[in-house]
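J.: Got a predicted model here, sequence first, then my questions.
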Amino acid sequence: MPDNLKTIRTRFAPSPTGFLHIGGLRTALYAYLFAKQNNGQFILRLEDTDAKREIEGAAEAIYYGLKWAGLQYDEGPDIGGPYGPYIQSQRLDLYRQYAQELIEKDCAYYCFCSEETLEKMRQEQIAKKLAPKYDRRCLSLSKDEIQKRLAEKAPRVIRMKIPENRIIKFNDIVRGEVAYHTNELDDQVILKSDGYPTYHLAVVVDDHLMNISHVTRTEEWLPSTPKHILLYEYFNWEMPQWAHLPLLLNHDKTKMSKRKGDVALADYIKKGYLAKALINYLAFLGWNPGTEKEIYSMEELLADFSLAKVHKAGAVFNISKLNWFNQYYIKQLTDEELLEKCRQYFPENVKDFSEQQMIKMLNLEKERAKNLSEIGEGIKFFFQLPEYDKELLIWKKTPKKETKNALQKLLEILENIPSRKYKKEKLQEIIMPEAEKIGERGIMLWAMRVALSGQKNSPGPFEIAEILGKEKTIERVKEGIEKLV
């Protein structure tokens, strides 16, 4: 950490050009853990200088998503702080000021090349099998020519001036020593023609002014780091420490993208993944404690996590493993917590059942479901019997008449059982011997389960009958009999 920074300060700096990415949440988690385990501060900053691509509501989704996940930031756009504003579009004068300072130091220069000129230059370089980069033609303009064009308000950008024949080395917490040759770097645009900064200038200015001590970001920004190091040198500023994290990958090892599955945190929240499960899982996408332990609370992560133990290789996002974590955490919920978290997935006629009945429904489904929305989907048949084909009532190749007789016998039994005895164990005790008298007990039990649920796959018939109660159970069995007429 730089000597003049007494407190460790990390930041998460997403762009509101999209909703919070699951990979972004992992980056934020690592930054949060590192700051908090060192009694430091975690800052949220919005990098919104690409106004054309900004999506309405994305900023609010970022605020909500971080807080939902338990990553409460100490400073940010919606809560303020001593180093604000925390939105880049509100800091434009600062970037212009520092870009001008670089011009005056001869560390940057005006470039007046048009888009057509740059594209022609690029195509010529490709034809010669050269890496496309700016050929510095504007660097040779005389001061008079520059002043003339500025006076004419000619369109221009500001490019940083990359020194030649230098090797820039730096120590990355994750990757160790990294080196780049400046001859391979392009004279990066740092201020665009519309007066907006590019990422490279804005991130360095903001990280410095916000006293960021450790920059955690994904490895795709690694090639930009030597340019950022040069900017720190040009301004004579203390440099932060760098930690470039592995990317999240699809199963085919390509970068995780929307085309191959859900990538927005909002998708996982909507489906009913628990924050504890997602945080526990994401922590392991790039980090391993070196033990067999897999279940980690936030407190345990704060104790054991280490940036130095983050892997270099990309981490494959495995939805099956996330589901495993989610199922574990769902099972840890109390009945009251489960009920509260599942309310948003209930249908409108929920008032037909008591809270105790609903808790029983949820507990039946939670053993099978991967997320809360699946639990909600799984209990829909209690509220509204779905349409089903009469053939579904028939066990294997049992004749229709035998199935109908089995259901009629079942109806007689059910009608003679007092409502207070509509409990799973009592129903099983009374119905099972009668089902076995038929020959194959599956004939009655299968038909009973289908009649009560309208589904091929569902919980057991006695559990369903207990929750439905006598009146609804009898009503559904009668509907099954009518289908077989």
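T.: In hand now; what should we look at? Numbers count the residues shown, from 1 in each chain.

J.: From here on, just use CA atoms for contacts and neighbour counts.
T.: Fine.

J.: got the contact list for residue 301?
T.: Counting by C-alpha atoms under 8 Å, 6 or more residues apart in numbering, residue 301 makes contact with 33, 283.

J.: separation between it and residue 382?
T.: 40 Å (C-alpha to C-alpha, to the nearest Å).

J.: And stretch 169-185, how far out from the chain middle?
T.: Between the centre of stretch 169-185 and the centre of its chain there are 29 Å (C-alpha atoms, centre = their mean, to the nearest Å).

J.: same thing with stretch 237-246?
T.: Centre to centre, stretch against its chain (C-alpha atoms, centre = their mean), the figure for stretch 237-246 is 23 Å.

J.: ends of that stretch, how far apart?
T.: Counting by C-alpha to C-alpha, the length from the leading to the trailing residue of stretch 237-246 is 27 Å.

J.: Buried residues in that stretch, which are they?
T.: Residues 238-246 are the ones in stretch 237-246 that count as buried (16 or more other C-alpha atoms under 10 Å).

J.: go on, stretch 163-172?
T.: 170, 172.

J.: Alpha carbons of the longest helix along the chain, as PDB, please.
T.: Determined from DSSP state H, the single longest helix within the chain is helix 461-483. Extracted as PDB, the C-alpha positions of helix 461-483 are listed here (Å, rounded to 0.1, in the frame of the first residue of the first chain):
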ATOM      1  CA  PRO A 461     -50.700 -38.300  -2.200                       C
ATOM      2  CA  PHE A 462     -51.000 -38.400   1.600                       C
ATOM      3  CA  GLU A 463     -48.900 -35.300   2.100                       C
ATOM      4  CA  ILE A 464     -51.000 -33.500  -0.600                       C
ATOM      5  CA  ALA A 465     -54.300 -34.600   1.000                       C
ATOM      6  CA  GLU A 466     -53.300 -33.400   4.500                       C
ATOM      7  CA  ILE A 467     -52.600 -29.900   3.100                       C
ATOM      8  CA  LEU A 468     -55.700 -29.800   0.900                       C
ATOM      9  CA  GLY A 469     -58.000 -30.900   3.700                       C
ATOM     10  CA  LYS A 470     -61.100 -33.100   3.400                       C
ATOM     11  CA  GLU A 471     -63.200 -30.900   1.300                       C
ATOM     12  CA  LYS A 472     -60.700 -30.100  -1.500                       C
ATOM     13  CA  THR A 473     -59.400 -33.600  -1.500                       C
ATOM     14  CA  ILE A 474     -62.800 -35.100  -2.100                       C
ATOM     15  CA  GLU A 475     -63.600 -32.500  -4.700                       C
ATOM     16  CA  ARG A 476     -60.500 -33.300  -6.700                       C
ATOM     17  CA  VAL A 477     -61.000 -37.100  -6.500                       C
ATOM     18  CA  LYS A 478     -64.600 -36.600  -7.800                       C
ATOM     19  CA  GLU A 479     -63.100 -34.600 -10.800                       C
ATOM     20  CA  GLY A 480     -60.800 -37.500 -11.500                       C
ATOM     21  CA  ILE A 481     -63.700 -40.000 -11.500                       C
ATOM     22  CA  GLU A 482     -65.700 -37.800 -13.900                       C
ATOM     23  CA  LYS A 483     -62.700 -37.800 -16.300                       C
END
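
J.: which residues are contacting that helix?
T.: Taking C-alpha under 8 Å, 6+ apart as the rule, helix 461-483 contacts 357, 360-361, 364, 382, 390, 393, 404, 407-408, 411, 414-415, 418-419, 422-425, 427-428, 445, 448-449, 451-453.

J.: what pLDDT, on average, does stretch 95-109 get?
T.: For stretch 95-109, the per-residue pLDDT values average out at 98.

J.: starting at the chain centroid, how far to stretch 396-405?
T.: Mean C-alpha position of stretch 396-405 versus that of the full chain (C-alpha atoms, centre = their mean) differs by 50 Å.

J.: Name the surrounding residues that touch it.
T.: Everything outside stretch 396-405 that qualifies as a contact, by C-alpha under 8 Å, 6+ apart, is 393-395, 443-444, 447, 481, 484-485.

J.: Would you mind measuring the gap between the ends of it?
T.: Criterion C-alpha to C-alpha; first-to-last residue distance in stretch 396-405 is 16 Å.

J.: buried set for that stretch?
T.: For stretch 396-405, burial by neighbour count (16+ other C-alpha under 10 Å) applies to 400, 403-405.

J.: what's the pLDDT at residue 469?
T.: Here the pLDDT value assigned to residue 469 is 95.

J.: Please produce a ChimeraX select command covering the buried subset of the contacts of helix 461-483.
T.: Isolation of the buried members of these (16+ other C-alpha under 10 Å) is achieved in ChimeraX through the command below:
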select :360,361,364,382,390,393,404,407,408,411,414,422,423,424,427,445,448,449,451,452,453
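
J.: Mind checking which of the contacts of helix 461-483 land in strands?
T.: For the contacts of helix 461-483, membership in strands holds for none, with DSSP state E as the criterion.

J.: And for residue 205, the neighbour number?
T.: A count of nearby residues for residue 205, using other C-alpha atoms under 10 Å, gives 21.

J.: Helix, strand, or coil at it?
T.: Here residue 205 takes the helix state, with states given by DSSP: H, G, I helix; E, B strand; the rest coil.

J.: mind listing what it touches?
T.: Residues in contact with residue 205 (C-alpha under 8 Å, 6+ apart) are 95, 98.

J.: cool, and residue 373?
T.: Residue 373 makes contacts with 270-272, 342, 345, as judged by C-alpha under 8 Å, 6+ apart.

J.: List only buried entries from those residues.
T.: When burial is judged by neighbour count using 16+ other C-alpha under 10 Å, the buried members of the contacts of residue 373 are 272, 342, 345.

J.: Among these, which lie within helices?
T.: Where these overlap with helices, as defined by DSSP H, the overlap consists of residue 342.

J.: Take the contacts of helix 461-483 and keep only those in helices.
T.: With helices identified by DSSP H, the entries of these that belong to them are 357, 360-361, 364, 382, 404, 407-408, 411, 414-415, 424-425, 427-428, 445, 448-449, 451-453.

J.: Skip the chain neighbours and tell me the closest residue to residue 197.
T.: Closest residue in space to residue 197, ignoring its immediate chain neighbours: residue 191 at 4.3 Å, by C-alpha to C-alpha, 6 or more residues apart in numbering.

J.: Need the pLDDT of that neighbour.
T.: Note for residue 191: predicted pLDDT of 97.

J.: can you check the one 5 residues further on too?
T.: According to the model's per-residue confidence, residue 196 sits at a pLDDT of 94.

J.: cool, residue 339 as well?
T.: Reported pLDDT at residue 339 in the predicted model: 96.

J.: any idea which element it lies in?
T.: Remark: residue 339 resides in helix 335-342, with elements defined by DSSP states H and E.

J.: for that helix, packing partners?
T.: When contacts are defined as 3 or more C-alpha pairs under 8 Å, 6 or more residues apart in numbering; DSSP states H and E, helix 335-342 packs onto helix 355-366, helix 372-378.

J.: returning to that earlier point: pull out the buried members of the contacts of stretch 396-405.
T.: Taking 16+ other C-alpha under 10 Å as the criterion, what is buried in these is 393-395, 443-444, 447, 481, 484.
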